[in-house]
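In: With the sequence up front, the predicted model follows.
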Amino acid sequence: MATQPQDRITPGQPWLDTKGDRIHAHGGSVIAVDGRFYWYGENKERSTPGSGIWHWGVRCYSSTDLYNWTDEGLIIPPELDDVASPLHPSRGMDRPHIIRNPRTGQFVCWIKVMGAGTTQLSTVLVADSILGPYRTVHADFRPLGMNAGDFDLAVEPTDGKAYYVFERVHSELVVADLTDDYTDVTGYYSTHFPQPHPPFVREAPAYFRRGGLHYLITSGTTGYYPNPSQVAVARSYHGPWSVLGDPHPADESRTSFHCQISSVFQHPAKKDLYIAIGDRWLPHFTEDSARALALFEHHFSPAGPGPEAVMEELAPVDTSLADYVWLPIRFDGEMAYIDWHDEWRIEDFG
């Protein structure tokens with residue numbers, strides 16, 4: 001059944017497409033192409049507890065107003081016949097990010113695939129259209145020889161140079177230069193925010209640029225359980241990065257309004273509208289972050305029993321029911337703040 005047209009964003013509420021179905025575009029982002037917006041991400045519609053299905057491909061939706069989204073289907077479908085494929089539903093494919101190469105016109109998609117322990121691999125696909133078809137050019141590799149976890153991609157608007165910002169699993173963040181075709185790293189990189197172990201390690205880097213400043217919003221490492229975000233700023237991609245603090249000072253639960261930010265989208269037609277795009281993986285989780293933080297700190301410490309024990313102690317997660325939290329970013333000097341709005345409209349911004 002088709003839904004009534006929407007004229008506002010309601011963070012944390014179930015978001016339905018124009019057919020009335022729940023939107024499944026998790027851990028992804030929005031890209032503007034030829035006057036239309038495309039929202040893509042992990043399709044979690046079949047990822048129920050006990051299903052053995054981590055994902056069902058990468059799904060994409062299109063819109064002209066950021067409110068009403070038309071389902072464009074699976075732009076990167078799961079590969080059902082090859083259990084070794086990074087796109088097999090049982091493998092931990094996460095956080096697709098797509099950038100367009102101005103030199104070639106191609107769309108380049110990077111994904112991460114989680115394995116056992118700290119093993120995390122990367123796969124790169126390319127297409128001539130945002131909607132595909134995509135073909136794999138690198139599968140299951142370690143950029144710079146590292147286990148690369150959560151990440152974001154950035155393109156410098158002045159010269160088209162691209163950067164890969166990723167969590168070197170359970171240790172630090174890395175900013176790496178990409179090759180001219182965006183499908184690999186050049187070998188030049190810098191390291192930032194070193195930490196001994198989760199939950200202190202920064203993950204889920206969301207990059208954006210405002211004026212001459214580069215921003216990263218990151219989260220701590222507590223699985224699907226939300227924790228306080230952190231804003232950092234620099235004058236170049238490779239830093240040095242200065243931590244400014246939690247962008248959600250009004251959130252007493254210290255859970256980033258019960259979400260994890262996956263990307264920041266700058267509206268191309270608005271002077272200063274940056275939208276923090278977050279996943280509310282646990283819609284019914286209403287506690288503060290203290291319990292999850294304490295559990296992860298204990299279990300990941302040298303004397304702790306390890307990450308598997310954390311997940312056994314915490315409740316199973318049904319990601320097929322995850323929602324979204326989209327909020328505008330407010331700036332005060334260099335600091336970026338994310339305030340709560342029960343609802344808000346694009347038109348309220350100049």
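Out: Nice, I can see it.
In: what's the burial count for Phe331?
Out: 14 (other C-beta atoms under 10 Å). Placement of C-beta: from N, CA and C, glycine included.
In: who does it bridge with?
Out: Ala336 (DSSP bridges).
In: Next one: it from Leu213, what distance?
Out: According to C-beta to C-beta, to the nearest Å, Phe331 and Leu213 sit 10 Å apart.
In: for Pro249, same thing?
Out: Pro249 sits 20 Å away from Leu213, taking C-beta to C-beta as the criterion.
In: now do Gly132
Out: In this view, Gly132 and Leu213 are 34 Å apart by C-beta to C-beta.
In: Looking only at neighbour counts, state which of the two leads.
Out: Neighbour count, other C-beta under 10 Å: between Gly132 and Leu213, Gly132 has more, with 20 against 14.
In: The more buried one: what's it in contact with?
Out: Gly132 makes contact with 75-76, according to C-beta atoms under 8 Å, 6 or more residues apart in numbering.
In: Could I get the pLDDT score of it?
Out: What the model reports as pLDDT for Gly132 is 98.
In: what's the first-to-last distance across stretch 272-286?
Out: End-to-end span of stretch 272-286 (C-alpha to C-alpha, to the nearest Å): 32 Å.
In: Can you point out the buried residues in it?
Out: Neighbour-count burial for stretch 272-286 flags 273-283, 285 (criterion: 16 or more other C-beta atoms under 10 Å).
In: mind checking which helix or strand Val174 is in?
Out: Val174 belongs to strand 172-178 when elements are defined using DSSP states H and E.
In: what packs against the helix or strand just after that strand?
Out: With elements assigned by DSSP H and E, the helix or strand that comes after strand 172-178 is strand 185-192. When contacts are defined as 3 or more C-beta pairs under 8 Å, 6 or more residues apart in numbering; DSSP states H and E, strand 185-192 sits against strand 172-178.
In: try 10 Å this time
Out: strand 162-168, strand 172-178 (3 or more C-beta pairs under 10 Å, 6 or more residues apart in numbering; DSSP states H and E).
In: I'd like the distance from the first one to the chain centre, please.
Out: Just to be clear, that refers to strand 162-168. 12 Å (C-alpha atoms, centre = their mean, to the nearest Å).
In: Tell me the predicted confidence for the nearest residue to Trp69 once chain neighbours are set aside.
Out: In this structure, Trp69 finds its nearest non-sequential neighbour in Tyr61, 3.9 Å apart by C-beta to C-beta, 6 or more residues apart in numbering. Among the per-residue scores, Tyr61 holds a pLDDT of 98.
In: quick one, what contacts Tyr61?
Out: 15, 17-18, 23-25, 30, 37-41, 68-73 (C-beta atoms under 10 Å, 6 or more residues apart in numbering).
In: Mind doing that once more with 8 Å?
Out: For Tyr61, the contact set (C-beta under 8 Å, 6+ apart) comprises 17, 23, 25, 38-40, 69-72.
In: now do Pro226
Out: By C-beta under 8 Å, 6+ apart, the contact list for Pro226 reads 219, 255-256, 258-260, 280-282, 285, 289, 292.
In: again, only this time at 7 Å
Out: 255-256, 258-260, 289 (C-beta atoms under 7 Å, 6 or more residues apart in numbering).
In: now, which of those lie within strands?
Out: Among the contacts of Pro226, the ones falling in strands (DSSP state E) are Gln260.
In: got the contacts of Pro226 as TSV, with neighbour count and pLDDT columns?
Out: As requested, these are exported to TSV (neighbours: other C-beta atoms under 10 Å; pLDDT from 0 to 100):
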residue	neighbour count	pLDDT
Thr255	27	94
Ser256	28	97
His258	24	96
Cys259	28	97
Gln260	28	97
Ser289	21	83
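In: Can you tell me which of the contacts of Pro226 is closest to Asp150?
Out: Among these, Gln260 lies closest to Asp150 (C-beta to C-beta), at 9.2 Å.
In: partners of that closest one in the sheet?
Out: Beta-bridge partners for Gln260, by DSSP bridges, are Asp279.
In: just the one 5 residues further on next, same as before
Out: Taking DSSP bridges, one obtains Ile275 as the residues bridged to Phe265.
In: rewinding a little: shouldn't the residue nearest to Trp69 be within a helix?
Out: No - judged by DSSP: H, G, I helix; E, B strand; the rest coil, Tyr61 forms no part of a helix; its state is strand.
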